[in-house]
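Peer 1: Need coordinates for the following:
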Amino acid sequence: MTSPTSRRTVLTAAIATVAGAGTVASAASAASAVPSASAASAVPSASAAAPKTLVDNRFWHTYTDWRCGTGDGIRVLPGPRPGLVIAGPAGRTDYTDPHTGTTAAWEYATWTSPVHRSTVPATEVIASWNARTPAGTWIQVELSGRYADGTATPWFVMGRWASGDGDVRRTSVDDQGDAHGSVWTDTFSVDDPASGVRLVSHQLRLTLYRAPGSRLTPTVWRVGAMASDVPDRFTVPASAPAIARELPVPRYSQNVHIGQYPEYDNGGEAWCSPTSSQMIIEYWGRRPTAEDLAWVKPGLPDPQVCHAARHTYDYQYAGCGNWPFNAAYAATYRDLNAVVTRIGSLTDVERLIRVGIPVITSQSFLEEELTGAGYGTAGHLMTVIGFTREGDVIANDPASPDNEAVRRVYRRREFENIWLRTKRYGADGRVRSGTGGVCYVYWPTRPTPSQHRVLRSLGLS
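Peer 2: As a prediction, the model looks like this:
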């Protein structure tokens with residue numbers, strides 16, 4: 001597999017001893033390069049005191065939220081799912097697509113959020129959004145923040161996104177940074193967390209684009225960011241089992257698609273993220289139409305997985321593992337919300353499972369660190385669908401030979417560590433990387449009261 005210039009390259013080099021399962025490592029799973037030996041020795045132990053709150057979520061999605069921002073050429077749609085549309089263009093600009101070389105003119109309008117002062121002075125910020133972009137439209141999401149010393153970042157592009165690929169190519173933007181931080185595909189990261197530098201506030205800017213002279217418009221229903229400061233840790237405290245429940249989530253294997261559509265990240269061997277997303281989309285009763293799937297070669301199994309890969313593909317990252325692109329894809333389906341966040345424990349995942357909400361988790365591990373997986377990976381997405389009576393994790397693991405083999409049971413303690421840890425040398429001297437609890441959460445726009453309570457307690461609704 002040819003690795004693009006992204007975090008996947010860093011991780012693959014860092015964990016050269018991992019037997020690759022062909023799964024995609026998302027951008028945010030390696031916030032910095034491999035630490036030096038001296039840096040590794042300075043990493044605090046798992047028993048070191050950690051901040052009580054590690055994650056701050058702020059999403060704008062209500063009518064009041066949109067009205068509190070600053071718009072230019074924007075109109076706020078009222079109703080049960082309020083959103084932003086273009087009322088009249090604020091201006092016109094040319095955009096040269098770096099992946100096609102095509103230059104085209106676009107009308108645009110903008111919305112800028114209020115400044116959000118995070119409850120967590122952050123080392124990482126990940127934006128995500130829910131939008132509809134009919135043909136002839138697209139959006140750009142930008143992030144700006146302020147450090148504790150009072151200096152501000154420039155506006156960083158966190159994504160140029162369209163649900164289709166006929167007008168512009170969906171893309172992240174490389175080579176963005178300032179004196180303290182950098183954007184790694186889909187994540188802003190402080191370059192040296194040990195320095196004490198933290199981002200204390202941030203705001204987002206949306207730019208909605210449409211073909212000049214048309215009445216088309218994107219619609220944005222939700223935009224926000226997860227700010228976090230998860231300490232370096234190789235192990236995390238064990239959580240106690242609380243429930244035994246399994247959700248009826250469809251099972252899809254990425255491996256049945258090996259060799260299909262190699263233009264999308266070398267085919268199915270790297271499609272863990274869109275395959276997991278498609279499972280949850282269908283769990284909630286949504287799926288692409290026959291018209292949507294007409295482009296897929298007849299006779300291929302589960303063509304909706306091919307569709308998900310195409311519509312999550314990041315042309316700069318050259319992969320389907322861009323986290324917010326997966327959430328944005330899920331939210332293109334009727335009445336679904338989708339966010340990228342961090343969850344602090346399997347206990348909180350149990351709370352979501354209890355109310356019927358599965359969770360897509362991102363992790364990396366050596367083969368011997370996850371009993372029964374049969375592979376190691378520099379980054380992989382799978383779907384937690386329940387827990388056994390003993391508290392072990394029931395996961396739909398797309399890195400399986402076929403759909404029937406997708407359901408796996410993984411030991412709770414092992415799964416907990418590979419998902420919640422960040423990055424550190426193990427006792428054997430080999431580097432382990434992790435995402436610190438990054439996950440996707442998808443749920444209906446009209447959740448049940450119990451679902452709403454749990455989502456709200458996690459800062460998601």
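Peer 1: what about residue 205, which SS state?
Peer 2: Of the three states, residue 205 takes strand under DSSP: H, G, I helix; E, B strand; the rest coil.
Peer 1: which ones are touching it?
Peer 2: 110-113, 141-144, 155 (C-beta atoms under 8 Å, 6 or more residues apart in numbering). C-beta: built from backbone N, CA, C; applies to glycine.
Peer 1: Nearest to residue 296 among those residues?
Peer 2: Of all these, residue 141 has the smallest distance to residue 296: 28.7 Å, by C-beta to C-beta.
Peer 1: Looking at the nearest residue to residue 367 once chain neighbours are set aside now. What's its pLDDT?
Peer 2: Take residue 367 and drop its neighbours on the chain: the residue closest to it by C-beta to C-beta, 6 or more residues apart in numbering is residue 376, 4.0 Å away. According to the prediction, residue 376 has pLDDT 93.
Peer 1: Tell me if I'm right that residue 376 and residue 418 touch.
Peer 2: No - because the distance of 10.1 Å does not satisfy C-beta atoms under 8 Å, residue 376 is recorded as not touching residue 418.
Peer 1: for residue 279, helix, strand, or coil?
Peer 2: Strictly by three-state DSSP, residue 279 counts as helix.
Peer 1: per-residue pLDDT, it?
Peer 2: Residue 279 carries a pLDDT score of 98 in this model.
Peer 1: In contact with it, which residues?
Peer 2: Neighbours of residue 279 in contact, by C-beta under 8 Å, 6+ apart: 249-252, 383, 396, 398.
Peer 1: Tell me the spacing between it and residue 311.
Peer 2: 15 Å (C-beta to C-beta, to the nearest Å).
Peer 1: on that earlier part again, overlap of the contact sets of residue 376 and residue 418?
Peer 2: With C-beta under 8 Å, 6+ apart, residue 376 and residue 418 have common neighbours 365, 369.
Peer 1: in which helix or strand would I find residue 110?
Peer 2: Here residue 110 sits within strand 103-112, counting by DSSP states H and E.
Peer 1: Toward the C-terminus, what is the element adjacent to that strand?
Peer 2: Taking DSSP H and E, what comes next after strand 103-112 is strand 116-122.
Peer 1: And the contacts of that following strand?
Peer 2: For strand 116-122, the surrounding residues in contact (C-beta under 8 Å, 6+ apart) are 51, 53-56, 58, 148, 190, 198-203, 225, 227-229.
Peer 1: Okay, and residue 326 sits in which element?
Peer 2: Assigned by DSSP H and E, residue 326 falls within helix 323-330.
Peer 1: In terms of secondary structure, what does that helix contact?
Peer 2: Where contact means 3 or more C-beta pairs under 8 Å, 6 or more residues apart in numbering; DSSP states H and E, helix 323-330 is packed against strand 124-132, strand 156-161, helix 272-283, helix 303-312, strand 336-342, strand 438-444.
Peer 1: Run the chain-centre distance for the third one.
Peer 2: Okay, so that is helix 272-283. Relative to its chain's centre, helix 272-283 lies at 13 Å (C-alpha atoms, centre = their mean, to the nearest Å).
Peer 1: I'd like the contacts of residue 205 laid out as TSV, including distance to residue 219, pLDDT and neighbour count.
Peer 2: Formatted as TSV, these follow (distance: C-beta to C-beta, whole Å; pLDDT from 0 to 100; neighbours: other C-beta atoms under 10 Å):
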residue	distance to residue 219	pLDDT	neighbour count
110	15	98	20
111	12	98	21
112	18	98	18
113	17	98	22
141	14	98	23
142	18	98	20
143	21	98	24
144	24	98	19
155	23	98	16
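Peer 1: Once you drop chain neighbours, what's closest to the most centrally placed residue in the chain?
Peer 2: The centre of the chain sits closest to residue 323, judged by C-alpha atoms, centre = their mean, with a distance of 2.3 Å. Nearest non-adjacent residue to residue 323, counting by C-beta to C-beta, 6+ apart: residue 340, 4.6 Å away.
Peer 1: Could you tell me how many residues sit around the one you found?
Peer 2: By the measure other C-beta atoms under 10 Å, the count of residues near residue 340 is 29.
Peer 1: My guess is it contacts residue 442. True?
Peer 2: No - shown here, residue 340 and residue 442 do not form a contact pair, counting by C-beta under 8 Å, at 10.6 Å.
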